[in-house]
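Enquirer: sharing a model that was predicted from the sequence below.
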Amino acid sequence: MTELNYIQAITLAMEEEMNRDENVFVVGEDVGIKGGVFRATDDLYNKFGEDRVIDAPLAESAIVGVGVGAAMYGMRPIAEIQFADFIFPAVNQIISEAAKIRYRSNNDWNCPITIRAPFGGGISGALYHSQSVEAIFNSTPGLKVVVPSSPRDARGLLKAAIRDNDPVLFFEHKRAYRLLKEDVPTEEDEIIPIGKAAIKREGEDVTVITYGINVSITEKIATKLEKEGTTVHLLDLRTIYPLDQEAIIEAAKKTGKVLLITEDNKEGSIIGEVSAIIAEHCLFDLDAPVKRLAAPDVPAMPYAQPLEREFIVTEDKIEDEIKQLARF
Amino acid sequence: MKTVENEHVHLGLTDEDVLEMYKKMLLARKLDERMWLLNRAGKIPFVISCQGQEATQVGAAFALDREVDYIAPYYRDFGVVLSFGFTAKDIMLSAFAKEEDPNSGGRQMPGHFSSRKHRIITGSSPVTTQVPHAVGFALAAKMKKESFVTLTTLGEGSTNQGDFHEGLNFAGVHKLPIITLVENNKLAISVPYDKQVASETVAARAESYGMYGEKIDGTDPLQVFKVIKEARERAINGEGPSLIEAETVRLTAHSSDDNDAAYRTKEEKEADRKNDCMVKFADYLKSCGILTDSIEKNLVETIQHEINEATKYAENAPFAPVASLTDYVYEQ
Amino acid sequence: MSIEKIVMPKLGESVNEGTITTWLVEVGEHVNEYDPIAEVMTDKVNAEIPSSYTGTIQEIIVQEGETIKVDELICYIKTDGKETAEELNATKEKIDIDEPMTETTEEGSMSHRYSPAVLSLSQKHGVHLDDVTGTGIGGRITRKDIQKYIQNRKSTIAEDTTQTEKRASKSVVQPPSTDPYNEGYELTGVRKAIADKMVLSTTEIPHAWMTVEVDVTNLVKYRNNVKQSFKDKEGFNLTYFPFFIYAVAQALQAHPILNSTWQGKKIIQHRDINISIAVANENELYVPVIRNADEKTVKGLAKTIHELANKAKTNQLTQNDMTNGTFTVNNTGTFGSVSSMGIINYPQVAILQVESIVKRPVIIEDMFAARDMVNLSLSLDHRVLDGLVAGRFIQHVKQILENIDETTTLI
């Protein structure tokens, strides 16, 4: 066991995979000598050299597109998009290309690329350094979209993503990077399977289904509420596309009162799909309307702090929603 | 076309080689013509043509090492893929969208070539996305220190896409073993060159990517062969990528769904006919004594027979079972 | 002049802590606004922290080499000059703006709004939602409320196990135990349904019982006469049971209050006479229904009973076969019973046990006679039925049965 924060767990996963498989390489902006703007590739340049830790030209479509080509050849690229907000020039390469390569070639070609991108806000990142972009991708069969919620998950899921034989989008919450710390079983080669949600906490009163940084926030609130007599059943989606439907149904049925949380804008977010799954499968187990806690439908979170705070899902808002559902 | 006698010998090509090139061009042309007939007969939904560009395609393919090199072709490249191992049957299975279609099992439209076996990299319909892929293959070659080049082709309209710029710049920065061949038929569906590209030539764009650039006559397969072969040598020697622009003609409408009468005059089309690479190359081979009327007649008959058989086979071949619809979204 | 705090600044996105590597100032030193006061190292950057005020360093809180979280205090500074009114206001920012919670939902308005989960649980467990107290918003019954209610009901029964067992053993609705295990075994669906229903019935219904003796000598004679020909013609046995059903169905027409069900706050008297009968296979007990029994002949009843019994044996009874019964007749005589106290088939209001027919000496006109006698035991829901109406009904059944012979009743 080693105590690691979220970003150290990510760096470690990449380092371990690069040691394990010489086909694994990193490509992105500033990933080389600087070690990434968030330092996710810290020291990898020194350890593996410029051929395997490639400082790409500032061109996202090429970072992904070249990665897609290399992946088809048999390499295991980890493409870093500096901020998820800047992924849009590469969306054609992700949705039209990476996602469809296996299907369109009838299983002749495949594309084992991992695309990492820091996302999310609450760090004064304003409109273009704070967005949650996952909803763009979660209606694209062929892609897997992963959002780890803890250092341990970050390491295990990233290793799984790199070894996956299909394209994986790996979204890392910026606020989690240095906020979340925990013991990680570094002595083991722990692989956390993609596509499986995790029950983080058992409870009887309200089910919370969320992902990313809101998992740890909800855990904190749940600990507090337990002392007040309300228990929370907490499901961490971990992979948000394709969804672990079975786990969602089971968790929803557990209490019949479901709160869904995302930092994304409410309309069209992934939790809307989670809600639809619950509506389809759990009607006779529901004891309250399914509630969604999400950002308002405005383009993105503003720079000014009061506005940013108003946009974001805060601890208070989560606590309030859980309490209201418990009382319902 | 420079009809220097026995030009091909100077390029290291035998009489058999050039006759083989002519056969591939002729097969591409005849298959294309057959597909139009099938389309107009209501048997296949869609055709996109190579007619007028066969010389560029076959000339380029023959300049590569067809045992090791990779290609990321675009939708008109029937001449390229036939040179890389596809057969008339493969093309017809694709046209009829049958289960045995080697590109996609009937999932993609015709012209979306793919075959790992033949080192043909799968492509899509949004243009130019294949350019960064080819760069990725070239990057892998460099990283793995393997001796192959990757050729990607596209139309001149596609050179305006971001992926063209991003991909070529990446290749230029990292001096990757890749050849980008622009088949300039001077029409992007209906929009002519001067409304597409501001620079006088596409090849001129090479300079900004720090790579070799050259514009050539794409109706002469030998000239294409020569230039691509040189580009390949530079690539293998670590001298970096090349951007080659081959000027061709487009003898058909953009596709079976397009009516080019709306944007082209009869005169223009007739002028293009005079530049038909098939006629020009046949004349060259005849002037060298490699092709005679009887050989040509024989060749046409053989090819027609092959195409008839391929059509019959593909028409009768089964579609993929409907239950396969959900197969291979992910690894199974 | 005032004492101000200087805190660890957030040096970059995702940075949560920093280490003071060097203090560039000492306590007592005067600094101008934006003068560097300390060097800080974080995961992302190394930087000098500037002073936010002009003043004198009052106290250094964090020592060199210490790592602290963003926004934690690193030092105090005594500022020069006077505070402006604006600054005063800014520091005394109004925090408490909480408004009192206003309950917009009218109390009680939710008490009859049931969620799908509550409704399905109430149906599954036969819970009358009026009996459950809602603790949710506006008195809404929550899923937990109903789960608790069911749980309590079960534990009440469990406390009274001996009594329940005694009652159950008296009841012939309980099938003979063929279970070979002494140890606990899982409840099957049917067994669980039986258990729930029995508990419901015995806990909710105030049972009363009465038994009459019926002389069925003529009926026995009649049935024995036609028994063989019936079997030859119809292919199955003619038992006594359809005669009893026949008599009950006729009597119910005359006493429709016994043909009713208890529905919480009201009693519904049914127009159709649908007789439930208990049919057992090895492990389970089923209660299929003979619909419109009053419209059937003895033969028709015999045939229906035969079919239902076969279906039960082969596990082919459908839910439809077992719903909408309005009165139950239980053939306890099959087991040789001569007296039993049936548990009412909830929500019906009465059940009739038909005991064994036995030959007994009976005094008729002061003479001993060997007669075929049978006991009929009626259990009644005392909320709905009183002794008088039940007595009249059972007397009517008796009278019909004693008058059955080839001249009065066609098979």
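Expert: Sure, I can see it. Numbers count the residues shown, from 1 in each chain, chains lettered A, B, ... in the order given.

Enquirer: centre of the chain to stretch A:156-176, how far?
Expert: Relative to its parent chain, stretch A:156-176 has a centroid offset of 8 Å by CA atoms, centre = their mean, to the nearest Å.

Enquirer: ranges for the helices of the stretch 101-250 of chain B?
Expert: B:130-143, B:162-173, B:221-236 (DSSP state H, counting those that start in this stretch).

Enquirer: could you dump those into CSV with mean pLDDT added?
Expert: Output for these, formatted as CSV (pLDDT from 0 to 100):
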stretch, mean pLDDT
helix B:130-143, 98
helix B:162-173, 98
helix B:221-236, 98
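
Enquirer: what's the residue nearest the centre of chain B sitting at in phi/psi?
Expert: In chain B, the centroid-proximal residue (CA atoms, centre = their mean) is B:Asp77; its distance is 2.6 Å. Here is the backbone geometry of B:Asp77 (degrees, to the nearest 10): phi -80, psi 50.

Enquirer: contacts only, for it.
Expert: B:Asp77 makes contact with B:Cys50, B:Gln57, B:Ile71, B:Gly111, B:Phe113, B:Thr153, according to CB atoms under 8 Å, 6 or more residues apart in numbering or on different chains. In this view, the C-beta of every residue, glycine as well, is placed from N, C-alpha and C.

Enquirer: disregarding residues adjacent in the polypeptide, which is nearest to the first one?
Expert: Put plainly, it is B:Cys50. Nearest non-adjacent residue to B:Cys50, counting by CB to CB, 6 or more residues apart in numbering or on different chains: B:Phe78, 4.1 Å away.

Enquirer: roughly how far apart are whichever residue of the stretch 151-300 of chain B sits closest to chain A and A:Ala84?
Expert: For the stretch 151-300 of chain B and chain A, the shortest gap (CB to the nearest CB) falls at B:Glu166, measuring 3.6 Å. Distance of B:Glu166 to A:Ala84, computed by CB to CB, to the nearest Å: 19 Å.

Enquirer: swap in B:Leu13?
Expert: 53 Å.

Enquirer: of the two, which one has the most company?
Expert: A:Ala84 (26 against 22; other CB atoms under 10 Å in any protein chain shown).

Enquirer: okay but that one is in contact with A:Leu169, surely?
Expert: No. A:Ala84 is beyond contact range of A:Leu169, at 9.2 Å (criterion: CB atoms under 8 Å).

Enquirer: common neighbours of the two, please.
Expert: With CB under 8 Å, 6+ apart, A:Ala84 and A:Leu169 have common neighbours A:Ala117.

Enquirer: list the contacts of the residue of the stretch 151-300 of chain B closest to chain A.
Expert: Each residue near B:Glu166 by CB under 8 Å, 6+ apart is listed here: A:Pro57, A:Ala59, A:Ser61, A:Ala62, A:Gly65, B:Pro132.

Enquirer: would you turn these into JSON lines with neighbour count?
Expert: Listed next are the contacts of B:Glu166 as JSON lines, based on neighbours: other CB atoms under 10 Å in any protein chain shown:
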{"residue": "A:Pro57", "neighbour count": "16"}
{"residue": "A:Ala59", "neighbour count": "21"}
{"residue": "A:Ser61", "neighbour count": "27"}
{"residue": "A:Ala62", "neighbour count": "30"}
{"residue": "A:Gly65", "neighbour count": "33"}
{"residue": "B:Pro132", "neighbour count": "33"}
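
Enquirer: nearest to B:Glu301 among those residues?
Expert: Ranked by distance to B:Glu301 (CB to CB), the contacts of B:Glu166 are led by B:Pro132 at 43.6 Å.

Enquirer: distance of the closest one relative to C:Asp366?
Expert: 117 Å.

Enquirer: looking at the stretch 51-200 of chain B, which residue is nearest chain C?
Expert: Relative to chain C, the nearest point of the stretch 51-200 of chain B is B:Glu166 (26.2 Å; CB to the nearest CB).

Enquirer: how many neighbours does residue 226 have?
Expert: Here I'm looking at chain A. 14.

Enquirer: oops, wrong one, chain C.
Expert: 14.

Enquirer: so what's C:Asp71 closest to, chain neighbours aside?
Expert: Sequence neighbours aside, C:Val7 is the residue nearest to C:Asp71 in space, at 5.1 Å (criterion: CB to CB, 6+ apart).

Enquirer: next: A:Lys144.
Expert: Once flanking residues are discounted, A:Lys144 sits nearest to A:Val168: 4.6 Å by CB to CB, 6+ apart.

Enquirer: does the one you found touch A:Ala161 like I think?
Expert: Yes. In this structure, A:Val168 is within contact of A:Ala161 by CB under 8 Å, at 3.9 Å.

Enquirer: mind listing the shared neighbours of the two?
Expert: Common neighbours of A:Val168 and A:Ala161 (CB under 8 Å, 6+ apart) are A:Thr114, A:Lys144, A:Val146, A:Ile194.

Enquirer: if you count neighbours, what's buried in stretch A:319-328?
Expert: A:Glu319, A:Glu321, A:Ile322, A:Lys323, A:Leu325, A:Ala326, A:Arg327, A:Phe328 (16 or more other CB atoms under 10 Å in any protein chain shown).

Enquirer: doesn't the first one fall inside a strand?
Expert: No. Residue assignment for A:Glu319, taken from DSSP: H, G, I helix; E, B strand; the rest coil, gives helix, which places it outside any strand.
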